[in-house]
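Chemist: structure for the following, please:
(one chain, ligands or ions: 1)
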Amino acid sequence: MSQVSKRVIAAGFQNHPKAAKLVQDALSPSAELDFAEILVNQDSARGAAALVIGPAFDFDSDVACQIALNCIEDGTNLVIIGLPCQADSPFWQEFIGAKPLFSKPAGEWFFNIGSSCSLSARLPEEFAASGQLTVLEPRGDSQVLLSTSIAFRNYATATISHHLGSTICVLGLAPTSDHVSEDLASLIRRAAMIGQEPAKGLHIGSLGVGIVGYGPFGGMGTYHATAVAETEGMHLVAVVDSDAERRSAALHDFPDARAYATAEEMAQDDEVDIAVIATPPISHASLSLALLDAGKHVISEKPMCLSLREARLLIDKASAKNRMFSVNQNRRWDSDFRSIIYAVEGGSIGSLFNIETFVGGFEHPCRAWHSEESISGGAVFDWGSHHVDQITQLYGSAPAKVSASQHKRVWHDVTNVDQIRVHMLWEDGREAEFFQSDIAAIRKPKYFIQGTKGTIIGNYRPIVEETVSLPFGYEEREHHYAEAPAALRLSRYESGIGLVEESMPLARKQRFAFHKNVADHLLLGEPLAVRPESVAGVIATLEAAQLSATTDSQYVKLSEVEC
Ligand SMILES: NC(=O)c1ccc[n+]([C@@H]2O[C@H](COP(=O)([O-])OP(=O)(O)OC[C@H]3O[C@@H](n4cnc5c(N)ncnc54)[C@H](O)[C@@H]3O)[C@@H](O)[C@H]2O)c1
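Modeler: Prediction:
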């Protein structure tokens, strides 16, 4: 089988840094991206998977026309970003299947998905992006990929057409904003990479999912089954639960699914492409290993496992079996955390050097297995799996060493500790603290994040629903405080002015984004968002924290965590 090229050439982006950033964000790291100021001769794009053309491309040159024709001959995809109105020669109109009609000045525009194809799978029906906009008229067989309402009329603003083995996608928007729309980036990545080989061994079109552990509403089995039902390209095939009542509940909720009492039975089910492990933590590693061995792609609930040694076994097994292995680190998509990521990546608070996170209150711990050390792995593996993951995402790596202290003073009917504080240090002196407590009568902020230019604070914002109804009168219902996004404020030092404080908007909520990414990865070959390698450092940190907490809070180097 011939090697599929993943080289992408981008040209025509001089003086258009925001359009270039969109291309960079869309294609890195999926492809080897090569920005060229000009394409010197007609062979410049030969052998590439795609040619991406920016607003400054010289559409008038003879070389440009020849390069375009070569793309069709070679099966190279062509993506045009910010088609200028001048590119309206009969050759280009016919070739790209779009005629530029008129341009609108820079502003925010709303894009609606026009034609449903693999390019638009799992994208929201409408998304916003900013830039100068050229309105298009589709020509020949080309279809409307995106449309935009201007003065109550819908206009084509992106088109798609196919010639032999190439796809030609034309986008009328030339981005002008620092903030790249993730949906637009997905569309561009897909248009450029379409035809590249996705992962093998799948039921093409829709992935069959089996869930091990059907925890009730509030538990994760039900959550995953709902996520699968809501994710285009996935369908629920089977549910495994050792508890007969939970199997009946699964069949009641999803009558078309099969129910098994053991994971071994599900391993034999050929219609299951992906196994989701949603059992208590102690069984994550053994079940994941067994299902990878059986040839399934595997998603584990957090924590991925309870030791670095297990993490390495899992990563090696997935690689040996050529199967996807991922972990439901769904809180990477929480709207408060996404908002922090945007602020940090945009440079709003300078270089990070201290991150503190907190979770807890003064309340009896959960009375189920979640508070039993021999099943949960210990208190730090619960919220620590999310918070330490967020910390390592912000810093880009796991810490070099960890120390932890813990208290067991109040809740003696459960075995998890009441409180644990984990201090993490990086080689260059950056630090972080994760603090979890069931005996904190006043809640600390969820986030306190310091950079060299400013600080972000995120306060918990418990949600209480108030109702007045007859005959009961006033009633209130409090939801779990940690489910609501934190209220974020950013204070920045401006030279000559002093401190400037502002509240931060929350990023758009992305429902079941983890599952959508898994489908995008397996069906379209897109990058996997939660690679297990990125979670192994989290597990090593939590393991080191437990070791330190039981050895006088000594610092434990991650390089010394047993493997
Ligand atoms: N990602 C998140 O935001 C999030 C939130 C809550 C829980 N979790 C994680 O999800 C996992 C499940 O938690 P939960 O609250 O849903 O638990 P749960 O106790 O509500 O449900 C677990 C189910 O697994 C079944 N089970 C246990 N061992 C089994 C086995 N070996 N084979 C088959 N079935 C088995 C049980 O009968 C039960 O129905 C835990 O690892 C937890 O840490 C993640």
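
Chemist: now for the host helix or strand of residue 237, which elements pack on it?
Modeler: Using DSSP states H and E, the element containing residue 237 is strand 234-240. In this structure, strand 234-240 makes packing contacts with strand 207-212, helix 220-230, helix 244-253, strand 258-260, helix 263-267, helix 513-524, judged by 3 or more Cβ pairs under 8 Å, 6 or more residues apart in numbering; DSSP states H and E. Bear in mind the C-beta positions are built from the backbone N, C-alpha and C, glycine included.

Chemist: what packs against the longest helix along the chain?
Modeler: In terms of residue count, the longest helix belonging to the chain (DSSP state H) is helix 532-549. The helices and strands touching helix 532-549, judged by 3+ Cβ pairs under 8 Å, 6+ apart, are helix 308-321, strand 325-327, helix 384-395, strand 401-407, strand 419-425, strand 556-557.

Chemist: helix/strand/coil for the residue lying farthest from the centre of the chain?
Modeler: In the chain, residue 471 marks the outermost C-alpha relative to the chain mean, sitting 46.2 Å out by Cα atoms, centre = their mean. Of the three states, residue 471 takes coil under DSSP: H, G, I helix; E, B strand; the rest coil.

Chemist: and if you look at residue 8?
Modeler: strand.

Chemist: that one and the ligand, how far apart?
Modeler: 34 Å (Cβ to the nearest ligand atom, to the nearest Å).

Chemist: near that residue, how many other residues are there?
Modeler: 27 (other Cβ atoms under 10 Å).

Chemist: how many other residues sit next to residue 437?
Modeler: Neighbour tally, residue 437, other Cβ under 10 Å: 22.

Chemist: going forward can the numbers begin at 27, since that is how I track them
Modeler: Sure, I'll start numbering at 27, so the last one becomes residue 463.

Chemist: quickly list what it is bridged to.
Modeler: residue 386, residue 445 (DSSP bridges).

Chemist: what's the distance between it and residue 318?
Modeler: Distance, residue 463 to residue 318, by Cβ to Cβ, to the nearest Å: 36 Å.

Chemist: same thing with residue 182?
Modeler: Counting by Cβ to Cβ, the gap from residue 182 to residue 318 is 45 Å.

Chemist: residues of stretch 64-81 that come out buried?
Modeler: Across stretch 64-81, burial judged by 16 or more other Cβ atoms under 10 Å covers 65, 68, 70-71, 74-81.

Chemist: my bad, stretch 530-545
Modeler: Buried positions in stretch 530-545, judged by neighbour count with 16+ other Cβ under 10 Å: 530, 532-533, 536, 538-545.

Chemist: and of the helices and strands packed on helix 558-575, who's closest to residue 189?
Modeler: strand 351-353 (35.8 Å; Cβ to Cβ).

Chemist: can you confirm whether the helix or strand following that closest one lies near the ligand?
Modeler: Sequence-wise, the next helix or strand downstream of strand 351-353 (DSSP H and E) is helix 361-371. No: judged by Cβ under 6 Å from any ligand atom, helix 361-371 stays clear of the ligand, getting no closer than 12.6 Å.

Chemist: once you drop chain neighbours, what's closest to residue 132?
Modeler: residue 202 (4.5 Å; Cβ to Cβ, 6 or more residues apart in numbering).

Chemist: tell me the pLDDT of residue 99.
Modeler: Model confidence at residue 99, expressed as pLDDT, equals 89.

Chemist: state whether it is indeed within a helix.
Modeler: Yes: counting by three-state DSSP, residue 99 falls inside a helix.

Chemist: and it, what is it in contact with?
Modeler: Counting by Cβ atoms under 8 Å, 6 or more residues apart in numbering, residue 99 touches residue 190.

Chemist: now with 7 Å?
Modeler: Listed by Cβ atoms under 7 Å, 6 or more residues apart in numbering, residue 99 has no contact partners.

Chemist: go on, residue 182?
Modeler: 162-164, 170, 173.

Chemist: repeat the analysis, applying 10 Å as the threshold.
Modeler: Contact analysis of residue 182 by Cβ atoms under 10 Å, 6 or more residues apart in numbering lists 124-125, 127, 140, 161-164, 168-174, 196, 198.

Chemist: Serialize the helices and strands packed on strand 260-266 to CSV and add fields for mean pLDDT and distance to the ligand.
Modeler: Output for the helices and strands packed on strand 260-266, formatted as CSV (pLDDT from 0 to 100; distance: least, Cβ to the nearest ligand atom, whole Å):
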stretch, mean pLDDT, distance to the ligand
strand 233-238, 98, 5
helix 246-256, 97, 4
helix 270-279, 97, 4
strand 284-286, 98, 9
helix 289-293, 98, 6
helix 539-550, 95, 9
